[in-house]
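Peer 1: What shape does this take:
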Amino acid sequence: MAAQKQRTLGIIGGMSWESTESYYRLINEGVKHQLGGLHSADLLIHSVDFALINTLQEQGRWDELGVIMANSAQRLQAAGVQGIMIASNTMHKLVDDVRSATDLPLTHIADATTDAIKKQNLTKIALLGTQFTMTQDFYKQRLIDAGLQVLIPEDEARAEVHRIIKKELCVGEFKDSSREYYRQVIKDLAAQGAEGVILGCTEIGLLIKQADSPIPVFDTTAIHAAAAVDFLLE
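Peer 2: As a prediction, this is how the structure comes out:
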């Protein structure tokens with residue numbers, strides 16, 4: 001019996017490699033679950049140097065980041081992929097740069113997450129992520145346009161959520177004190193009426209699980225990886 005033909009997916013990863021590793025595992029697990037046996041995912045990953053990416057983010061040099069992302073997409077297209085995925089919430093700020101660099105389909109992480117939220121009939125959602133993701137329109141407005149009401153932490157909490165991501169999670173440090181901090185932030189947002197919480201940074205799911213939250217958790221890494229499996233097997 002012939003093996004099922006998969007499409008080839010290109011992933012722009014390394015932002016951070018800690019979460020790209022999760023993407024790789026989850027996508028392969030999903031393909032194996034669907035096809036069984038020794039099947040695994042047909043993937044190409046271009047992993048960028050996150051030290052450079054982080055420096056440019058913090059300095060607000062988004063035009064330069066757009067060039068890097070477009071170049072990565074073009075390299076993946078030249079290698080023969082049939083679709084592109086950005087394995088980072090924050091770097092979806094540059095999704096237009098990626099889309100304009102190739103003619104390949106791209107699954108937006110916020111769109112996949114919105115679909116998952118709507119399947120549970122929720123309308124008021126908390127958003128955790130980097131400062132960029134929590135405060136800028138490139139992500140939050142996409143949720144609002146889909147009919148969701150979005151809650152984010154207050155200034156001090158946003159700063160600490162961001163710090164934990166960049167200084168701990170992105171370098172593979174997972175502290176009980178930081179987990180407890182996130183738990184309290186989620187609890188506070190739930191008290192404000194949040195019906196669920198988006199883990200809107202691909203590293204947060206390495207620290208926070210459903211057991212840490214009194215409301216449904218939407219792990220964007222897992223959701224995006226599931227969308228990747230759907231693309232591969234369509």
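
Peer 1: ok, and for the longest helix along the chain, which residues are buried?
Peer 2: Ranked by residue count under DSSP state H, the longest helix found in the chain is helix 17-35. Residues of helix 17-35 classed as buried: 17-20, 22-24, 26-28, 30-31, 35 (neighbour count, 16 or more other Cβ atoms under 10 Å). In this view, the C-beta of every residue, glycine as well, is placed from N, C-alpha and C.

Peer 1: cool, stretch 75-88 as well?
Peer 2: 75-77, 81-88.

Peer 1: How is this protein divided into domains?
Peer 2: According to the TED database, the chain comprises the domains 9-108+223-233, 110-219.

Peer 1: Put together a markdown table for the ones you listed, with mean pLDDT on each row.
Peer 2: Shown next, in a markdown table, are the domains of the chain (pLDDT from 0 to 100):
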| stretch | mean pLDDT |
| --- | --- |
| domain 9-108+223-233 | 98 |
| domain 110-219 | 97 |
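
Peer 1: what ranges do the helices span in the protein?
Peer 2: Using DSSP H, helices in the chain cover 17-35, 50-58, 62-78, 95-101, 109-119, 131-135, 137-145, 155-167, 176-191, 220-233.

Peer 1: Test my guess that Ile186 contacts Ala211.
Peer 2: No. Using Cβ atoms under 8 Å, Ile186 makes no contact with Ala211, being 11.7 Å away.

Peer 1: okay, those two: which has more neighbours?
Peer 2: Neighbours per residue (other Cβ atoms under 10 Å) separate Ile186 from Ala211, with Ile186 holding more: 23 against 7.

Peer 1: so what's that one up against?
Peer 2: Applying Cβ atoms under 8 Å, 6 or more residues apart in numbering to Ile186 gives the contacts 126, 128, 194, 197, 208, 212-215.

Peer 1: Make a PyMOL selection of the buried ones in the residues you listed.
Peer 2: Entered in PyMOL, the line below selects the buried ones among the contacts of Ile186, by 16+ other Cβ under 10 Å:
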select buried, resi 126+128+194+197+208+213+215
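
Peer 1: which ones among the buried residues of stretch 75-88 are found in strands?
Peer 2: 83-86 (DSSP state E).

Peer 1: Of all pairs in those, which one spans the longest distance?
Peer 2: Largest separation among these by Cβ to Cβ: Gly83 and Ile86, giving 11.4 Å.
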